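Colleague: This is the structure alone, sequence omitted:
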């Protein structure tokens, strides 16, 4: 059993932000060299394993697609001016665009352009993974300046046999039971969704890797949807070991914390995260499971697996207008909040690791605390201090049916206080482990 | 399995109103020719069976009473003026009044008069089925004008051996399981309570009789209380086939819809009706079961039967002052709302008929919808359209434990949308019937 | 089965208040002659058994302490003036103070003085049962007047082998199942906490002792904590007979009634007390069980016993500032509210004694009430009277699974009304006892 303390917020927040800055310019997609470059940088921090799954492999109902890579892309007007330039932002190209090199009229060009009229300064992020297409994304202001002309359209991309690349790290613990922590590495220059999750899990793994842990912790850095499907398809034998887990996404903005429950709705992870948020004293929101929006919990919680996986976020994908636009950039991120979310993940793990079920060894009436130095000798005042209250809660409810988490939820006392109290009572031979977790 | 669409509101509402107008003047009671005449008119619309149960027959704790018929009734003052006249309103006579023909003082007369001081323009509706009595009901304004005089009191009624008459119609379906739909035909010139229910069930049976149905549908047109007791007593062998049902009463006023739950409280009918009301987007109210007020659910939900029978009404009996008075007349009725309630009954039947439990045939991860033409190729936007959301809800929760109703309740998506989505997914071989209903 | 009526509030309230007045001046502690004198006075009212448990006896984790008695105590200044005098208030001495007789400086004296700076006119109540100490309690105003001086400090107390004294009374009923009613008699001149509880249980026992009862009733007059531990330790064989019970404390002030639930939270006592409070129509509060504050329910509800014991109070200990101060005196008490709380305890016992589970002997449809004189012959009005409603509730829900308490809770009708109705229906052969309680 391990004691996990919070990390100082200032230092780690800045380090996380710096890593994000380094990863930001890389053009990622669900396959290709951008993913490999990203995983290589993460590997400088944690001993990540890199896996390649070949194009054409069947993964449940899906097939690993051709690998997509891109060198350059632009649209030039007849004067030879680049009016849309991939080098300036990788969002300008529809992800998985097929190669193209031709002259087109404004009319034909417009059929392949995507903008956000409601946010005229932002470039949208668009993809077409499973249907051949090409396109450019641009600000609506750029779009409105386009005139009748003959445009040169170049997308220097390749779609060919290759592989899907993902990263995986297992930190072995005392038990083979695993906590699964997953993020997706397929989005290009977009921060909250989801470089923030990538950076958070990198630093969480970095923090946990040198600690003696009860549970094993599996970290996945995968492309969204197809990556989760691929991992589940290749690792069906490991699924039974998964106790619970979290999807890390949208964890770097300055909004309040939000938890989307697992499909089960009352799994241990759901109770643990709600308790962490409640103990924090900060405002938060709990959302019910919804299979029609979200990220890889849709695969992990599909009815054939129904894994207890939730998603601990700050502002969820659908609630910030910057989502899937060029405005989800480094300016939208907060190093303080990145570190705060990391600490909340650590708090979750602290509870998971320490949620023992103890037995009161003196269950008939209260033990005499005074003779053990656990209680003030002089009585008379009205209310006990919180620590004294915790003693009575732990003693009364450690009957073998309530875990420390249950007791902390019922009493409204923080898990850490309940845990510390239980430790003292164990030292005083008033509690023992009932060997249930 | 049958598709049931809503009926155009204008036409059917007027037809229902016209039938009510035809039935309104008839003097009904729990027995007698008024009931027979009423059932004969209903039989012009649907192939109703007419049953006669003889006076004196024991039905559980009760006995079929003597049959009551009335030709005329009036009170004349000494000048020979009819000051109360049954021909003007059949409410003027206390139902089941024994025959009388005598001269009485004002004092004696008043012992047999009933008025509503709070509503001085309305005639109350009163009965004395099981204790011999006679009486007249009149407006309080009429009553206050009465002077000392010798009055001639005539009630030309008969109470004699005969029978209790009721109507019954069984529309056979694929299954022997029955949906029971019951209304009472014992009230004289009173509209919401309960010519509205009589007319609604007539038109519902008319609509269903030519449709291929999964369940069988039994319609009862019975006198309240004694009729339900009689039917249950004579048909105990049929009770086990009853899946659930509704009592139709107070369905023609313009108030909001109200559902009184079955005694079980969470029976399928309770969930279905609440979902119909919720899907409607209109305000509504749900009432808990209460054995101390209401109609024949008190018999059907008695502890020896405990049938899952609820009551889908508009303004319930106890909530409109016109109840059991001459003000519950044709003016109080709305053809639009009659049709609207009929459509809600049809919506209830639509869910009952279509509430299948399906199995996702691709339960491990989401299937690839795009290659089946079920999902837009180009991704990027924030929120799915409602139909796309329904696909994910149906796929995720069709695990053999959730019916389509369960899924529509949990998702907040309308049952019809969920049902249509399931149909599409069956066509695409993504779902199959799990043979549970 | 016994009918228990409420006691006229005026008379008994004054009697209770007079008894409290008599007990008020006695200097009680957890042991000693003050307890014996108190029990002797109570014994003038009820046939109390007095038990003595010798010093040194082990009771679970605890040991019966030495017996403490005190003759006198004071602090004199150098002029020989008594500036603190035990004879004026027994709160002036720290309970269980060891004997002392010496001259001390102001500095040394102050180390042994206790005051309430926030309530400068009140003397606090302090104890040091299990650690040798001595001390005086005084008003903060007295304390502030103390000048540099040499003070003579005298506490003429004895701490020596002796015994712990408690009172017990068992009123045997038809059944060996017991209702446990407990109060603590260890506090000196303090009224709400807890002479009020002592007086209440005295008068409750006095009232019940001559009545034929279904259950047996055990009354405990014990020192708090150590007394409950002692009784449980000596009577483990009796614990299985305890059906449920109440701790009587803080029952004499004029605040609203408050119920602290048992650890089980949904035990029959919890439902009964909530129903009594609800039926009263007065405001009240329900508190969840909390092992970190309260009285002897902490022992009775310890996990090794987990007895369904709640606490029916007026203003709870922690909510009135007078608690454990000289302001919790006779002026703070209200004879009217003492009697009112007694009546609520009687109401609780009334439900416990009468909470039968009956079977409707005519479960198929409603019985014909009219022919049994249970229902008005003339029908027409809108709402039944409450008594008629109760008939339908009792008949419909007496199916062998619902007790009269369950029915009264579900219907919202008072337990007494439901009980009276059931009695009438039994007389009419419509109900029978299903031999479940």
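Modeller: Done, it's in. Just so it is clear, the model here is predicted, and its values are computed rather than measured.
Colleague: contacts and neighbour counts: CA atoms only from here.
Modeller: Noted.
Colleague: Spatially central, which residue of chain A would that be?
Modeller: Nearest to the mean C-alpha position of chain A, counting by CA atoms, centre = their mean, stands residue A:248 at 0.6 Å.
Colleague: got a list of what that one touches?
Modeller: Contacts for residue A:248 were tallied using CA atoms under 8 Å, 6 or more residues apart in numbering or on different chains; they are A:181-183, A:197-198, A:200-201, A:311-313.
Colleague: and what of residue A:267?
Modeller: With contact set as CA under 8 Å, 6+ apart, residue A:267 has these partners: residue A:308.
Colleague: Low-confidence bits of the stretch 301-437 of chain A, can you list those?
Modeller: A:377-378, A:380-386, A:435-437 (pLDDT under 70).
Colleague: Can you name the residue of it nearest to chain B?
Modeller: residue A:304 (4.4 Å; CA to the nearest CA).
Colleague: How far does stretch A:244-252 stretch from one end to the other?
Modeller: 23 Å (CA to CA, to the nearest Å).
Colleague: Quick one: mean pLDDT for that stretch?
Modeller: Here stretch A:244-252 scores 98 as its mean pLDDT.
Colleague: Identify each buried residue in that stretch, please.
Modeller: A:244-252 (16 or more other CA atoms under 10 Å in any protein chain shown).
Colleague: re the thing from before, who wins for neighbours among the contacts of residue A:248?
Modeller: residue A:198 (31 neighbours; other CA atoms under 10 Å in any protein chain shown).
Colleague: Phi and psi next, for it.
Modeller: phi -60, psi -50 (degrees, to the nearest 10).
Colleague: pLDDT wise, what is the closest residue to it other than its chain neighbours at?
Modeller: Closest residue to residue A:198 apart from its sequence neighbours, by CA to CA, 6 or more residues apart in numbering or on different chains: residue A:183 at 5.8 Å. pLDDT, residue A:183: 98.
Colleague: Thought residue A:199 was touching residue A:183, still the case?
Modeller: No: the pair residue A:183 and residue A:199 does not pass the contact test of CA atoms under 8 Å, sitting 9.3 Å apart.
Colleague: quick one: the helices in the stretch 201-350 of chain A?
Modeller: Taking DSSP state H, counting those that start in this stretch as the test, the helices found in the stretch 201-350 of chain A are A:226-234, A:268-280, A:297-300, A:335-354.
Colleague: So, low pLDDT: which residues of the stretch 1-150 of chain A?
Modeller: Ranges of the stretch 1-150 of chain A meeting pLDDT under 70: A:1-10.
Colleague: All the helices of it, residue numbers only.
Modeller: Using DSSP H, counting those that start in this stretch, helices in the stretch 1-150 of chain A cover A:9-23, A:33-43, A:106-110, A:140-145.
Colleague: okay if I get those helices as CSV plus distance to chain B and mean neighbour count?
Modeller: Putting the helices of the stretch 1-150 of chain A into CSV (distance: least, CA to the nearest CA, whole Å; neighbours: other CA atoms under 10 Å in any protein chain shown) gives the following:
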stretch, distance to chain B, mean neighbour count
helix A:9-23, 21, 18
helix A:33-43, 19, 19
helix A:106-110, 16, 14
helix A:140-145, 16, 15
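Colleague: For those, give me CSV that also has distance to residue C:67.
Modeller: Formatted as CSV, the helices of the stretch 1-150 of chain A follow (distance: least, CA to CA, whole Å):
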stretch, distance to residue C:67
helix A:9-23, 57
helix A:33-43, 72
helix A:106-110, 98
helix A:140-145, 90
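Colleague: so which of those helices gets nearest residue A:153?
Modeller: helix A:106-110 (8.3 Å; CA to CA).
Colleague: which residues touch the closest one?
Modeller: A:146-151.
Colleague: Chain B next: which of those residues are close?
Modeller: With the criterion set as CA under 8 Å from any CA of the partner chain, no member of the contacts of helix A:106-110 is near chain B.
Colleague: Let me see the contact set for residue A:77.
Modeller: Contacts of residue A:77 (CA under 8 Å, 6+ apart): A:83, A:149-152.
Colleague: are any of those buried, and which?
Modeller: Members of those classed as buried by 16+ other CA under 10 Å are A:150-152.
Colleague: Tell me the predicted confidence for the residue of the stretch 51-200 of chain A found nearest chain C.
Modeller: For the stretch 51-200 of chain A and chain C, the shortest gap (CA to the nearest CA) falls at residue A:175, measuring 30.6 Å. Looking at residue A:175, its pLDDT stands at 97.
Colleague: and it, which of the three is it?
Modeller: coil (DSSP: H, G, I helix; E, B strand; the rest coil).
Colleague: correct me, but residue A:402 touches residue A:357?
Modeller: Yes: at 6.2 Å, residue A:402 counts as touching residue A:357 under the criterion of CA under 8 Å.
Colleague: Looking at the two, which is more packed in?
Modeller: Taking neighbours as other CA under 10 Å, residue A:402 and residue A:357 compare with residue A:357 leading, 23 against 20.
Colleague: tell me which residues form a beta bridge with that one?
Modeller: residue A:436 (DSSP bridges).
Colleague: Enumerate the strands of the stretch 201-350 of chain A by residue range, in sequence order.
Modeller: Secondary structure of the stretch 201-350 of chain A (DSSP state E, counting those that start in this stretch): strands located at A:216-222, A:242-247, A:257-260, A:284-287, A:309-313.
Colleague: which one of those is the most hemmed in?
Modeller: Across the strands of the stretch 201-350 of chain A, averaging neighbours per residue (mean count of other CA atoms under 10 Å in any protein chain shown) puts strand A:309-313 on top, at a mean of 29.
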